[in-house]
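Peer 1: Quick one: sequence plus predicted model below, questions after.
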Amino acid sequence: MPPVFRFAPSPNGPLHLGHAYSALLNFDRARATGGRLLLRIEDIDATRCRPEYETAIYEDLAWLGMTWETPVRRQSEYLSDYRTALEKLSALGLVYPAFESRAEIARLVAAREAAGPWPRDPDGAPHYPGTAKSLSVDERARLIDSGAPYALRLDMACACRRVSGLTWNELGEGPDGARGIVQAQPEAWGDVILARKETPTSYHLSVVVDDALQGIGEVVRGQDLFHATSVHRLLQVLLSLPEPAYRHHALIRDGEGRKLSKSSRSTGLRELRAAGATPAGIRRLVGLG
Ligand code: GLU
């Protein structure tokens with residue numbers, strides 16, 4: 001079976017050099033291994049994703065000389081797949097609704113931090129500080145029936161008790177140079193959000209479901225997602241999904257060493273193209289010349 005790779009951009013802004021690097025690495029890996037390359041549009045966040053960005057993704061990648069299989073999977077068209085996975089986790093007793101607003105969460109975190117150190121996840125966000133996990137079944141039902149908004153969270157402590165010795169095979173490199181068999185540390189993330197009242201999924205849940213459904217054997221993506229792999233491995237084991245290998249790559253940075261952002265004009269593929277850059281020039285710029 002030829003290995004399957006995927007490039008999975010979110011259409012919430014224009015592509016920049018960092019995306020070009022990730023996309024071309026996937027394309028090159030697929031070519032070098034006689035594998036297949038899929039493009040996946042990660043558009044579950046309806047408030048931030050726009051059709052014009054999706055169109056621009058296809059144009060920019062084609063301009064770079066890439067080809068990919070069609071039809072392209074657009075996550076927004078497959079919500080029922082994610083709902084099914086969520087129901088499996090719920091049936092294991094690992095999911096609970098939390099009703100606090102962002103502002104309430106910020107207040108609770110401030111109160112916790114006033115009393116001492118409060119854990120933060122690898123992205124720097126504070127762990128969920130609320131107590132929704134201990135609400136009674138009746139109280140949950142009453143709040144849901146009242147129409148209150150909520151997030152569905154993973155009971156991380158409970159989930160971690162079900163698995164042990166969680167690892168992944170890192171073919172690339174973590175931000176601190178980790179490679180080979182890496183110990184997953186999902187507990188570092190606290191009770192992550194798996195879904196919300198209006199959206200039956202989240203980045204973590206849909207990426208894991210899709211990588212399995214699409215038969216991805218090697219996930220090639222930026223080091224900014226290295227630590228998230230711990231959550232992905234946990235969900236894969238809980239949902240009995242196959243384990244891909246991971247190849248995290250260094251991020252392309254700007255002149256000041258900052259991660260590129262979708263709003264930074266000087267490194268946008270459109271701007272570079274308008275300024276006369278060629279696809280071969282882009283390859284050279286990202287070190288794949
Ligand atoms: N959609 C994610 C992004 O644009 C990438 C997800 C992944 O590669 O796992 O950052």
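Peer 2: Nice, I can see it.

Peer 1: and the closest residue to the ligand within the stretch 151-289 of the chain, how many residues sit next to it?
Peer 2: Across the stretch 151-289 of the chain, the shortest distance to the ligand (C-beta to the nearest ligand atom) belongs to residue 221, at 3.6 Å. The C-beta positions use only the backbone N, C-alpha and C, and glycine is treated the same way. Using other C-beta atoms under 10 Å, residue 221 has 21 neighbouring residues.

Peer 1: Mind exporting the C-alpha coordinates of the lengthiest helix in the chain to PDB?
Peer 2: Determined from DSSP state H, the single longest helix within the chain is helix 17-33. Presented in PDB, the C-alpha positions along helix 17-33 are these (Å, rounded to 0.1, in the frame of the first residue of the first chain):
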ATOM      1  CA  LEU A  17       5.900  30.800   3.300                       C
ATOM      2  CA  GLY A  18       5.400  28.500   6.300                       C
ATOM      3  CA  HIS A  19       2.400  26.900   4.700                       C
ATOM      4  CA  ALA A  20       4.300  26.600   1.400                       C
ATOM      5  CA  TYR A  21       7.100  24.800   3.300                       C
ATOM      6  CA  SER A  22       4.700  22.300   5.000                       C
ATOM      7  CA  ALA A  23       2.800  21.700   1.800                       C
ATOM      8  CA  LEU A  24       5.900  21.100  -0.300                       C
ATOM      9  CA  LEU A  25       7.400  18.800   2.300                       C
ATOM     10  CA  ASN A  26       4.300  16.700   2.100                       C
ATOM     11  CA  PHE A  27       4.400  16.800  -1.700                       C
ATOM     12  CA  ASP A  28       8.000  15.800  -1.800                       C
ATOM     13  CA  ARG A  29       7.600  13.000   0.800                       C
ATOM     14  CA  ALA A  30       4.700  11.600  -1.200                       C
ATOM     15  CA  ARG A  31       6.800  11.700  -4.400                       C
ATOM     16  CA  ALA A  32       9.900  10.200  -2.800                       C
ATOM     17  CA  THR A  33       8.000   7.300  -1.400                       C
END
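
Peer 1: ok so, going back, who are the contact partners of the residue of the stretch 151-289 of the chain closest to the ligand?
Peer 2: Listed by C-beta atoms under 8 Å, 6 or more residues apart in numbering, the contact set of residue 221 reads 8, 22, 246-249.

Peer 1: Ok, residue 5 next?
Peer 2: By C-beta under 8 Å, 6+ apart, residue 5 lies in contact with 26, 29-30, 35-38, 216-218, 220.

Peer 1: so what's it bridging to?
Peer 2: residue 37 (DSSP bridges).

Peer 1: Tell me the confidence at it?
Peer 2: pLDDT for residue 5: 98.

Peer 1: Kindly provide the distance from it to residue 283.
Peer 2: Distance of residue 5 to residue 283, given as C-beta to C-beta, to the nearest Å: 18 Å.

Peer 1: go on, residue 104?
Peer 2: Residue 104 sits 48 Å away from residue 283, going by C-beta to C-beta.

Peer 1: The two: who's more crowded?
Peer 2: More crowded of residue 104 and residue 283, by other C-beta under 10 Å: residue 283, with 17 against 13.

Peer 1: Near the ligand, which residues of the stretch 101-250 of the chain? Just list them.
Peer 2: Residues of the stretch 101-250 of the chain lying near the ligand by C-beta under 6 Å from any ligand atom: 207, 221, 225.

Peer 1: residue contacts, the residue of the stretch 51-200 of the chain found nearest the ligand?
Peer 2: The ligand sits closest to residue 75 of the stretch 51-200 of the chain, with a gap of 9.0 Å, by C-beta to the nearest ligand atom. By C-beta under 8 Å, 6+ apart, residue 75 lies in contact with 40-44, 82, 201, 206, 210.

Peer 1: Give me the subset of those that lies in strands.
Peer 2: Counting by DSSP state E, the contacts of residue 75 place 40-41 in strands.

Peer 1: what number of residues lie near the residue nearest to residue 218 when sequence neighbours are not counted?
Peer 2: In space, residue 218 comes closest to residue 245 once its chain neighbours are excluded; the distance is 4.9 Å by C-beta to C-beta, 6 or more residues apart in numbering. For residue 245, the neighbour count with other C-beta under 10 Å is 15.

Peer 1: what about the stretch 51-200 of the chain, any weak spots by pLDDT?
Peer 2: Under the criterion pLDDT under 70, no range of the stretch 51-200 of the chain is flagged.
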